[in-house]
Each structure stands twice: as C-alpha cells, then as structure tokens.
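[1] what shape does this take:
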Amino acid sequence: MKPPLNGWFFYIYEMKKVIIKTPLGYTEVTGDENGISKIHVLNEELEISTSIPKELKEAVLQLQEYFNGKRTEFSLQINPSGTDFQLKVWQELLNIPYGKTYSYLELSKKLGDVKAIRAVASANGKNPLWIVIPCHRVIGTDGSLTGYAGGLWRKKWLLEHENPVKQESLF
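    Here you go, the predicted structure:
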C-alpha cells in the first residue's frame, strides 16, 4: 500500500439527497459531512423521501420551521460551491435581515462596486442554497420583483411570508 500524497489524507464524502415537499413545491436538499451544498425548488413532482440522511436532518427541520413561521434565521453548516466572487455575493446576502429587502444596486454598493450590478445579479441568480442564502430578498431599484430562478410567484410568496403585515382597511 502506497503512503498518501505528501502525508495528507483525502476523504471523499458521499453526497446525500432528500426530496421534501414545501408550500412552494418539491425541494431537493443535498449535502454531506462538510455541510449543505444545495437546496433548490423543483418544477416537477417527485417522490418524497421516506428517510432523511443524518447529514440533512437539521436542514430539513430548519426549512420546515421556516415555512411554519417559526424560524427567521438559519444556523446550518453550509458548503456552497462557486467562484470567489459568487461566494462574496452570497456572503453579503446572508446579511439581509429577515423581512427586509435590498436592491441590486444597494447590494453592489455594499460589495464596493456600483458598476458590478450585473455581475452581482448573475451571482445572485446562481445561488445554490434556496431560502437559506436569501437571494429572494433582492429586488429592483424601483421596488419591482425582478429575476428569480424559482419563478417570480415564489419570490412574491417568500417576501409576503417574511413580512406578513397586512394593511387594514379603514372602512
């Protein structure tokens, strides 16, 4: 048996997946011992997983709590895969408070480059951790619901879910 390269041991973890049902459709959660790497909503019906791998149990529980209105922040070990720039954008998205929104322009300013607005929007659209990294909280400068990989109707639902204050009628 050959010794490991340069004395280092390399571990390859098997990615685990689970399909759950949420109010916005079927959702696939993927991860391993290093953390959750992907959460995305599906536009098709799939069979709901009958068992949840231990590596994904906390993510499934926290998503259920979020949809039940009992969680406003996630505390998961996450392990998204992306470029350095994408990771920087996703890190900044984590700073958007529950129930609040930023415009793409505000997000670009927070990242230090107003001219990077298109690159920021592109990175936002490639977010692999639906809801946990709250890309749905980014809107157009004029307040419009622009671009959302999961569909604008889902973005609207999520924003309303996080800000359930309803205007009461005076009459």
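[2] tell me which helix or strand Gln64 sits in.
    Per DSSP states H and E, Gln64 falls inside helix 57-67.
[3] could you look up the SS state of Lys70?
    When classified by DSSP: H, G, I helix; E, B strand; the rest coil, Lys70 comes out as coil.
[4] again with Lys155
    For Lys155, the assignment made with three-state DSSP gives helix.
[5] give me the neighbour count for it.
    Residues lying near Lys155 (other C-beta atoms under 10 Å) number 21. C-beta here means a position set from N, CA and C on the backbone, and glycine is covered the same way.
[6] list the buried residues for the helix holding Gln64?
    For helix 57-67, the neighbour count (16 or more other C-beta atoms under 10 Å) marks 58-60, 62-63, 66-67 as buried.
[7] now do that helix: distance to the chain's middle.
    13 Å (C-alpha atoms, centre = their mean, to the nearest Å).
[8] with stretch 81-94 instead?
    Distance of stretch 81-94 from its chain centroid, counting by C-alpha atoms, centre = their mean, is 11 Å.
[9] stretch 124-137 now?
    4 Å.
[10] now do it: distance from first to last residue.
    10 Å (C-alpha to C-alpha, to the nearest Å).
[11] ok, so of the buried residues of helix 57-67, who is nearest Ile19?
    Val60 (10.2 Å; C-beta to C-beta).
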